[in-house]
Every structure is written in C-alpha cells, then in structure tokens.
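> structure of the sequence below:
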Amino acid sequence: MERNYGLQPPIPFSFKSVAGFLLIFIIWQGGTLLWLNLLHTLMPVTRTGLPSLITLYLSFSFLIFGVYVVTRFFFKIPFRVFLFEGKRPNFRKFSVYFAWYFAALILYLLVDIAVHPQAFALHFDPLPWLGVLMVTAPLIFFQSAAEEIMFRGYMYRMFRSSRGGVFGSILVTSLIFALLHGFNPEMLRYGVFGPLYYVLAAFFLGIVAYRTNGLAAPIGIHFATNIFNTSIWGYETSTLENMGLQNIVYRHTLDMRFAFFGIFAIVISYGVFQFFQQKRNRS
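The predicted structure is shown next:
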C-alpha cells in the first residue's frame, strides 16, 4: 500500500499556508476567549465543575471552523475531501486503533499499580461515573478529532510537501503540538519529561497517520487517551482536575518519567508490529 497521505489535495508550504495556520489559531483562540467570557458572564455556573468542562470542550468548534474556513476559501478544498481525501470515513480503522490503544493504556495502568501501589486510591462511584461518562464522551471525541484535524490534518499536510518530507512534517507538527500544550501542569512541573512526553505522543500520532493513510487511526488513539485520562484515572496536577470528572482510580502523585517510558514502550511495540507486518506482506 502506497502511503501518500498528506499529498492530495495539496496544501503546499508557503506564505499562504502559514498565514492560514495563523488565521486558524486566531479564530480558535479568539473565538474560545469570547465564548468562555460570554458564557461565564451569562451563566456563572459554567465557571466551575462539569459545566466548565463542557463549555471548554464546545469551544473546539472554533478550531474546526477555522480549519474549514482556510481549507475551503484559501485552497478551494471541500472540507469532506480535506478530511477523507475523497474516501469514505474509515470507522473500522478508528475502532480498531481506539480499542488497541485503550487496552495498552489499561495494561500500563495495571503495571503502574503493581509497581507503585501506595500511589493509588480507589475512587469509583458507579452511577455518577457512568452519568459523567455519557455526557463527556461525545465531547471528548469532538475535542480529540478537532486537534487531529488541525495537527495531523492541516499542519501535517502543510509540511508534507516541503523538503523535510514525512519525517520533517511529523517532527515539526510534534514540536508545535508540545509547545501549544506547554501550559498544561504536566509540562511545567515535571522537568524535561513533561515536554518529552508530549513530543513523543505527537510524533507517534504522526507516524500512525502516515502508516494508516489518514486521520481515522490517530483520532482513535487520541480519543482513547483522553477517555482514559478523564474516566479511568485521575491524578494530581491534571489539567482537568476540579472539573467534575469521575474516575475509577486516583494517583496522588504523577510519575511523569514512568508515564514517558510507558508511552515509549507502546511506540516501540507498534514499530515492531509494523516491521513484522511489512515483512510478512512482502513474503
């Protein structure tokens, strides 16, 4: 299978595409700021707890709208063609990668509990947990898809046709992804392993987009990660702490070094799997 994801329809690296990225960012952040200020003024209940989380996730509409405006009016690319490159949405690939990565995260959690049992506390109340999950899961999917449309969609495509090629595109988008997530508490509190975690996670998503020829698989992985972080476990200094989420277990102190090597192991496992799959396909 040829891996041409990001080449057609083209968004060449140019002044226009960079200006488009800046416009997307302005629409996203400016719209979010106005939206949050308006809701907080009209509905003070949205300032804290679960309503604040719902309000925040809905603000990702501005990110998708920004990408739509730029692709449709700067580059004359229909949004459906931009998302799926003329093909149908691959729900099967999304489901497979979601299930695989979610299982990998559960395995990571079990290993973490076995190694650091004193760091965890059971934090499970079934009915509130299920209620919050039913409300937040569609919004988490929306937020995960929006970020992938931006980073592994527009930005990956923009750098894909440059001299750096696939590797350069994945690297640059990963660094920008980590930079834009730089104000998360995980990035600021745990030294070098915070930024490294985000760079590696984004690099992995870029590799998956390239290897699978589309956005379905990285959206599945991103969605699995965010569902895991919002419903399975919580931890001190989480960006979403005090936003009304319900978790099964709570980690009192996050070991970012352990988390980094956990995702590193997952990336290596995926690489080994791809190597043997490719070798089998050639034989």
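> report all helices and strands that the helix or strand harbouring residue 179 contacts.
For residue 179, the host element (DSSP states H and E) is helix 165-180. If contacts are counted by 3 or more Cβ pairs under 8 Å, 6 or more residues apart in numbering; DSSP states H and E, helix 165-180 sits against helix 156-160, helix 193-212. Any C-beta I mention is one placed from the backbone N, CA and C, and that applies to glycine too.
> residues of it that come out buried?
In terms of neighbour count (16 or more other Cβ atoms under 10 Å), helix 165-180 has its buried residues at 166, 169-174, 176-178, 180.
> please apply the same query to stretch 8-20.
Within stretch 8-20, the residues scored as buried using 16+ other Cβ under 10 Å are 11, 13, 17, 20.
> check stretch 248-262 too.
In stretch 248-262, counting by 16+ other Cβ under 10 Å, buried: 249-251, 254-256, 259-260, 262.
> helices - which of those land there?
With helices taken from DSSP state H, the overlap with the buried residues of stretch 248-262 comprises 256, 259-260, 262.
> and the two most separated of those?
Farthest apart among these by Cβ to Cβ are 256 and 262. That separation is 10.1 Å.
> ok, residues contacting the helix holding residue 179?
Residues from elsewhere that reach helix 165-180 (Cβ atoms under 8 Å, 6 or more residues apart in numbering): 3, 6, 151-152, 155-156, 158-160, 162, 164, 187, 195, 198-200, 202-203, 206-207, 210.
> and these, which are buried?
Neighbour-count burial (16+ other Cβ under 10 Å) applied to these gives 6, 151-152, 155-156, 158-160, 187, 195, 198-200, 202-203, 206-207, 210.
> give me the mean pLDDT for the helix or strand containing residue 146.
Residue 146 is located in helix 126-148, with elements delineated by DSSP H and E. Mean per-residue pLDDT for helix 126-148: 95.
> one more: stretch 100-107?
Rounded mean pLDDT across stretch 100-107 is 95.
> quick one: secondary structure of residue 234?
Assigned state for residue 234: strand (three-state reduction, DSSP: H, G, I helix; E, B strand; the rest coil).
> how about it, nearest residue that isn't a chain neighbour?
Sequence neighbours aside, residue 247 is the residue nearest to residue 234 in space, at 3.9 Å (criterion: Cβ to Cβ, 6 or more residues apart in numbering).
> repeat that for residue 19.
In space, and not counting its chain neighbours, residue 19 is closest to residue 74: 7.9 Å by Cβ to Cβ, 6+ apart.
> same question for residue 30.
Excluding its sequence neighbours, the residue lying closest to residue 30 (Cβ to Cβ, 6+ apart) is residue 62, at 7.7 Å.
> against which helices or strands is the helix or strand containing that neighbour packed?
Take DSSP H and E as the rule and residue 62 turns out to sit in helix 61-69. Helices and strands touching helix 61-69, by 3+ Cβ pairs under 8 Å, 6+ apart, are helix 15-42, helix 79-84, helix 126-148.
> which one of these lies closest to residue 104?
Proximity to residue 104 (Cβ to Cβ) singles out helix 126-148 among these, at 16.4 Å.
> what sits against the residue nearest to residue 234?
Applying Cβ under 8 Å, 6+ apart, we find residue 247 in contact with 123-124, 129, 230-234.
> one more time with 6 Å
Applying Cβ atoms under 6 Å, 6 or more residues apart in numbering to residue 247 gives the contacts 123, 233-234.
> give me the number of residues near residue 127?
Residues near residue 127, counting by other Cβ atoms under 10 Å, number 8.
> how near is it to residue 72?
In this view, residue 127 and residue 72 are 44 Å apart by Cβ to Cβ, to the nearest Å.
> pLDDT-wise, which helix or strand of the chain ranks last?
Across the helices and strands of the chain, mean pLDDT, DSSP states H and E gives its lowest value to helix 185-189, namely a mean of 74.
> export that one to PDB, keeping only CA atoms.
Provided in PDB are the C-alpha atoms of helix 185-189 (Å, rounded to 0.1, in the frame of the first residue of the first chain):
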ATOM      1  CA  PRO A 185       0.600  21.500  34.600                       C
ATOM      2  CA  GLU A 186       2.200  18.200  33.400                       C
ATOM      3  CA  MET A 187       4.500  20.200  31.200                       C
ATOM      4  CA  LEU A 188       5.500  22.700  33.800                       C
ATOM      5  CA  ARG A 189       6.000  20.600  36.900                       C
END
